[in-house]
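*Asks:* Sequence plus predicted model, see below.
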Amino acid sequence: MKTITVAKGDGIGPEIMDATLEVILAAGAKIKVEEIEVGERVYLAGHSSGISKASWDTIRKNKVFLKAPITTPQGGGYKSLNVTTRKFLGLYSNVRPCQSLHPFVRTKHPDMDLVIVRENEEDLYAGIEHQQTDEVMQCLKLISRPGCEKIVRYAFEYTRQYGRKKVSCFTKDNIMKQTDGLFHQVFNEIASEYPDIQNDHWIIDIGAARLADTPEIFDVLVMPNLYGDVLSDIAAQIAGSVGMAGSANIGEECAMFEAIHGSAPPLEGKNEANPSGLLQGAIMMLNHIGQNEIAEKVQNAWLKTIEEGIHTSDIFKEGVSKEKVGTRQFAEAVIANLEQKPVTLKPVNYKHGQVLQLPKYVRGRAAQKELIGVDVFVDWKGENPDELAEKLQKLNTKNTKLTMITNRGIKVWPEGFEETFYTDHWRCRYLMEKGSAIEKQEVIHILSAALESGIDTIKTENLYCFDGKQGFSVGQGQ
Ligand code: NAD
């Protein structure tokens, strides 16, 4: 028996949660439910994240959380409960299966059946943003080796658990050679540990185009946070199942399962909502806690019910559907089908008795790190990079010389193009001359000299080599 935390949420939340629990308990799920309150009333009672301390304690104790959608009150100052939960509990992996249910649910992609595994904590979503000049804002994209290893390994283990065949990695490492380059490199390293699973890598733009056009060529996809956020919505939409898809957020200790849709306030209390999205979340939860046999039984009964044309009003279609039912009646129909398998749709066959267990991240040997220069970012309203270079060359030290100036990444000195557009944000690269690595003192020396010369430095980035390999990108056009 596993105790799980349940939140019934707002709007249609309580109805679809009751229907979901009824189905999985009827199927024999060995769970004990501990209920907490999250959402609108908790926000309005003064908890800015929509959850109280006592509820956090319950979630952390039980480690498995099934959550119905909530309503975020209008007006400022309310933090997203989902984002807070993900970050606090370290839910690094967001898993979203997107399967078409052709011919029962309309889609242009009848053979689509894929799963997007999205990294959930890093990338541009670390939320580290700054205004640096009048004209330029910055958002830091952070990609870490532990972050990549955890998500990529999760994708391969998930693929193995669900008997899938291939993992595809999406990045833009032709442009972002350091950050996306690391994600791709870790993907290659981990893929080599799974010779039984096929793998490939796609540059995100063509990968996304193929995903929208021929999604049936993909199986499991793994990608950094931002790409995954965008593409998982596109994939759910083109599968025709936004209202019927579930999602899992998995961490090393805790996990949260939910529907991807919201609380649909206009449908509240009408017994009209489709409980399928939350039921899909609950099926992923059962697989996560090793009750795969029950998960399989519920999924096959659900597919059978869809195939019999017993549909809630959101997917009811004359000619295809047979019977329009409410939330409760839909749950009853799934329960009545619990020993059945679909005929037209493909039945699922999960591996039994399996709990996904990932090894803890082990930090490798620290590399030999050498400081070989510094990028000094300058707020300067001038128009002629040669003029800026002349000022900045005066800051050269015995070992370190100005080698390049870029504006928004494009090299403008030496030998820039007249046509290039300049903002007030300049990156000025000082590199050591041939010889040994420089000391941090030289960076401080350059900054002090800049201050004395009235140059407005806004930040620096140290330029390192790790085990002799350059740890920074070259300027575009360099
Ligand atoms: P929504 O997903 O609630 O509704 C969009 C449309 O889909 C509506 O027409 C709705 O009636 C329909 N719909 C959604 N779920 C359905 C279901 N199960 N059965 C039948 N029809 C369904 O999105 P929204 O209207 O933009 O947001 C409503 C509230 O939900 C907002 O307060 C929003 O912040 C919140 N929200 C919460 C979550 C979450 O808790 N995970 C996610 C998204 C939105």
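*Replies:* Sure, I can see it.
*Asks:* from here on, contacts and neighbour counts on C-alpha atoms
*Replies:* Will do.
*Asks:* which parts of the stretch 301-450 of the chain sit against the ligand?
*Replies:* Taking C-alpha under 6 Å from any ligand atom as the criterion, the stretch 301-450 of the chain approaches the ligand at residues Asp314.
*Asks:* Nearest to the ligand: which residue in the stretch 301-450 of the chain?
*Replies:* Among the residues of the stretch 301-450 of the chain, Asp314 lies nearest to the ligand; the distance is 5.1 Å by C-alpha to the nearest ligand atom.
*Asks:* Pull up the per-residue confidence for that residue.
*Replies:* In this model, Asp314 is scored at 92, pLDDT.
*Asks:* Need phi/psi at it.
*Replies:* phi -60, psi -30 (degrees, to the nearest 10).
*Asks:* who touches the nearest residue in space to it that is not next to it in sequence in this structure?
*Replies:* Counting by C-alpha to C-alpha, 6 or more residues apart in numbering, the nearest residue to Asp314 once its immediate chain neighbours are dropped is Asn274, at 7.1 Å. Listed by C-alpha atoms under 8 Å, 6 or more residues apart in numbering, the contact set of Asn274 reads Ile16, Gly243, Met244, Thr312, Ser313, Asp314, Gly326, Thr327, Phe330.
*Asks:* Make TSV out of the residues you listed and add neighbour count and secondary structure.
*Replies:* Shown next, in TSV, are the contacts of Asn274 (neighbours: other C-alpha atoms under 10 Å; DSSP: H, G, I helix; E, B strand; the rest coil):
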residue	neighbour count	secondary structure
Ile16	29	helix
Gly243	20	helix
Met244	23	helix
Thr312	24	coil
Ser313	16	coil
Asp314	12	coil
Gly326	19	coil
Thr327	23	helix
Phe330	27	helix
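*Asks:* tell me which of those residues is nearest to Lys401?
*Replies:* Proximity of the contacts of Asn274 to Lys401 was ranked by C-alpha to C-alpha; the top entry is Gly243 with 58.9 Å.
*Asks:* what comes up buried for stretch 381-395?
*Replies:* For stretch 381-395, a neighbour-count test (16 or more other C-alpha atoms under 10 Å) marks Pro385, Leu388, Ala389, Leu392, Leu395 as buried.
*Asks:* Export those to JSON lines and append columns for pLDDT.
*Replies:* JSON lines is the format used below for the buried residues of stretch 381-395 (pLDDT from 0 to 100):
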{"residue": "Pro385", "pLDDT": "95"}
{"residue": "Leu388", "pLDDT": "97"}
{"residue": "Ala389", "pLDDT": "97"}
{"residue": "Leu392", "pLDDT": "96"}
{"residue": "Leu395", "pLDDT": "94"}
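*Asks:* Mind checking which of those land in helices?
*Replies:* Pro385, Leu388, Ala389, Leu392 (DSSP state H).
*Asks:* what residues does stretch 111-124 touch?
*Replies:* Against stretch 111-124 from outside (C-alpha under 8 Å, 6+ apart): 86-87, 90-100, 102, 139-144, 147-148, 151, 155, 215-216, 218-229, 232, 239.
*Asks:* who's in contact with the closest residue to Trp413 other than its chain neighbours?
*Replies:* Spatial nearest neighbour of Trp413, excluding adjacent residues (C-alpha to C-alpha, 6+ apart): Ile405 at 5.0 Å. Each residue near Ile405 by C-alpha under 8 Å, 6+ apart is listed here: Pro385, Ala389, Lys411, Val412, Trp413, Pro414, Trp426, Arg427, Cys428, Arg429.
*Asks:* Buried ones from these, can you make that a ChimeraX selection?
*Replies:* The following ChimeraX selection, which keeps only the buried ones among those, applies the criterion 16+ other C-alpha under 10 Å:
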select :385,389,411,412,413,426,427,428,429
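*Asks:* so how far is Met432 from the residue lying farthest from the centre of the chain?
*Replies:* What lies farthest from the middle of the chain is Lys398; by C-alpha atoms, centre = their mean that is 46.2 Å. Summarising the geometry, the distance separating Lys398 from Met432, computed by C-alpha to C-alpha, to the nearest Å, is 9 Å.
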